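Undergrad: here is a sequence with its predicted model. Questions after.
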Amino acid sequence: MCSWMRDDGLTSFHGLCCFFFSSYLTSLCSGLFQITQTFTPSLLMMTEEYVLRCVLMLCCALLSANASNWLYLAKLSSVGSIRDEETCERLRGLIQRQVQICKRSVEVMDAVRRGAQLAIDECQYQFRNRRWNCSTLETMPVFGKVVTQGTREAAFVYAISAASVAFAVTRACSSGELEKCGCDHNVHGVSPEGFQWSGCSDNIAYGVAFSQSFVDVRERSKGQSSSRALMNLHNNEAGRKAILSHMRVECKCHGVSGSCEVKTCWKAMPPFRKVGNIIKEKFDGATEVEQRKMGSTKVLVPRNSQFKPHTDEDLVYLDPSPDFCDYDPRTPGMLGTVGRQCNRTSKAIDGCELMCCGRGFQTEEVEVVDRCSCKFHWCCYVKCKQCRKKVEIHTCR
């Protein structure tokens, strides 16, 4: 079954997939009839029905083949809260098993939607100075065909997406939004360092478990061990480990006049910006891999045998990245760098030479308004003047 999207981002009709292929299917079945004239009528009817079912199922699979389609939830910010099972049925971008998870855990889905937006925002921040800057489309997948290829950019998107769901759901647990989970009470008593475990430790175990069940379900439901499925699952887990491996201890002192006679502490997730920084570093050092069979198991190994094996926290990719220099209308999401701002003095990827792919750049002088001459006034505010200045803006040709 497939769905068609309304203006508000929800789907308004569920019916047979790909109705626009009906004429093709008719001709296909009619051709099959001509080929199989020697079959009995009952067998022929079964054959036509079988082909029809197969093609419809294939069509649906092709339309929803990308495992990051659920990120489209970020586009639904205007439709209000996801409150009931009926809404789950009409959410665009989910496969059937994700719809089932939505129905079982409706209260968690607003956190998942916030996670989708968090992933997009962090991707755009981390790649703001690169040729591909995580620009989104109004279609699925939100990053276009860039994530359908097994590149290191796709590796980053999958990792940051899995991490964002774990982060957002864990944060919802700690803030008391969800009945199914709360603070992590497994951390208690007195630590070896002598402080009292107390407060609300982030329930990262619940967030990670939900991320695994929701984000990984498309790959696991296929029952496949294709190289791309293995790549996606590995990078999903690497994203979650970027949180797990960097949990921190936060403390509060209690005592007279702020003395630290008693100190209570709790475990907290790192800020998501730090998670993004960690995954971006893994992107820069990602390992190109290929699938290899070891016994009865298919695994990913470095394509270059001279490289050391990747760890569970590293990102892996299968295909080299395009240069992202030029707009390609055949590849949604491949917008090129014409009109992008660049840094004239930088030799890095944000520099005009690399960003503009050797096409050159143009310089424009613009006037900007900025705060200046700021002074602190007792008590308690800062007062600033507004200053106008002219700056040079460089954009790629």
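TA: That came through, no problem.
Undergrad: just the helices from this structure, written as ranges.
TA: For the chain, helices defined by DSSP state H occupy the ranges 22-35, 41-63, 85-90, 96-104, 109-126, 152-174, 204-215, 217-221, 227-244, 272-284, 352-355.
Undergrad: please identify the deepest-packed of these.
TA: helix 152-174 (a mean of 27; mean count of other Cβ atoms under 10 Å). Bear in mind the C-beta positions are built from the backbone N, C-alpha and C, glycine included.
Undergrad: and the angle for that one with helix 204-215?
TA: 130 degrees (axes from the mean of the first three to the mean of the last three Cα atoms, to 10 degrees).
Undergrad: in JSON lines: the helices of the chain, plus distance to residue 294 and mean pLDDT.
TA: Formatted as JSON lines, those follow (distance: least, Cβ to Cβ, whole Å; pLDDT from 0 to 100):
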{"stretch": "helix 22-35", "distance to residue 294": "41", "mean pLDDT": "39"}
{"stretch": "helix 41-63", "distance to residue 294": "29", "mean pLDDT": "46"}
{"stretch": "helix 85-90", "distance to residue 294": "40", "mean pLDDT": "89"}
{"stretch": "helix 96-104", "distance to residue 294": "29", "mean pLDDT": "95"}
{"stretch": "helix 109-126", "distance to residue 294": "33", "mean pLDDT": "97"}
{"stretch": "helix 152-174", "distance to residue 294": "22", "mean pLDDT": "97"}
{"stretch": "helix 204-215", "distance to residue 294": "24", "mean pLDDT": "97"}
{"stretch": "helix 217-221", "distance to residue 294": "20", "mean pLDDT": "85"}
{"stretch": "helix 227-244", "distance to residue 294": "12", "mean pLDDT": "97"}
{"stretch": "helix 272-284", "distance to residue 294": "24", "mean pLDDT": "98"}
{"stretch": "helix 352-355", "distance to residue 294": "40", "mean pLDDT": "97"}
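Undergrad: residue 266: which of those helices is closest?
TA: Of all these, it is helix 152-174 that lies closest to residue 266, at 9.4 Å by Cβ to Cβ.
Undergrad: just the C-alpha atoms of that closest one, please, in CSV.
TA: Taking Å, rounded to 0.1, in the frame of the first residue of the first chain, the C-alpha atoms of helix 152-174 are listed here in CSV:
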residue,chain,number,x,y,z
ARG,A,152,30.9,9.2,3.3
GLU,A,153,28.2,12.0,3.2
ALA,A,154,25.6,9.3,3.5
ALA,A,155,27.6,7.7,6.3
PHE,A,156,27.4,11.0,8.2
VAL,A,157,23.7,11.4,7.7
TYR,A,158,22.9,8.0,8.9
ALA,A,159,25.1,8.4,12.0
ILE,A,160,23.8,11.8,13.0
SER,A,161,20.2,10.7,12.4
ALA,A,162,20.5,7.6,14.7
ALA,A,163,22.3,9.7,17.3
SER,A,164,19.6,12.4,17.1
VAL,A,165,16.8,10.0,17.9
ALA,A,166,18.6,8.5,20.8
PHE,A,167,19.4,12.0,22.1
ALA,A,168,15.9,13.5,21.7
VAL,A,169,14.1,10.4,23.2
THR,A,170,16.5,10.4,26.1
ARG,A,171,16.0,14.1,26.7
ALA,A,172,12.2,13.5,26.6
CYS,A,173,12.6,10.8,29.3
SER,A,174,14.6,13.0,31.6
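Undergrad: packing partners of that helix?
TA: helix 109-126, helix 204-215, helix 227-244, helix 272-284, strand 316-317 (3 or more Cβ pairs under 8 Å, 6 or more residues apart in numbering; DSSP states H and E).
Undergrad: a markdown table for those, including distance to residue 179?
TA: Shown next, in a markdown table, are the helices and strands packed on helix 152-174 (distance: least, Cβ to Cβ, whole Å):
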| stretch | distance to residue 179 |
| --- | --- |
| helix 109-126 | 13 |
| helix 204-215 | 12 |
| helix 227-244 | 23 |
| helix 272-284 | 24 |
| strand 316-317 | 38 |
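Undergrad: residues near residue 260, how many?
TA: 11 (other Cβ atoms under 10 Å).
Undergrad: now do the same contact list for it.
TA: Counting by Cβ atoms under 8 Å, 6 or more residues apart in numbering, residue 260 touches 253-254.
Undergrad: from here on, call the first residue 700.
TA: Let's use 700 as the start, then, which means that last one is residue 959.
Undergrad: now the helices of the chain as JSON lines including distance to residue 771?
TA: Converted to JSON lines, the helices of the chain look like this (distance: least, Cβ to Cβ, whole Å):
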{"stretch": "helix 721-734", "distance to residue 771": "26"}
{"stretch": "helix 740-762", "distance to residue 771": "13"}
{"stretch": "helix 784-789", "distance to residue 771": "12"}
{"stretch": "helix 795-803", "distance to residue 771": "11"}
{"stretch": "helix 808-825", "distance to residue 771": "8"}
{"stretch": "helix 851-873", "distance to residue 771": "12"}
{"stretch": "helix 903-914", "distance to residue 771": "14"}
{"stretch": "helix 916-920", "distance to residue 771": "13"}
{"stretch": "helix 926-943", "distance to residue 771": "17"}
{"stretch": "helix 971-983", "distance to residue 771": "20"}
{"stretch": "helix 1051-1054", "distance to residue 771": "29"}
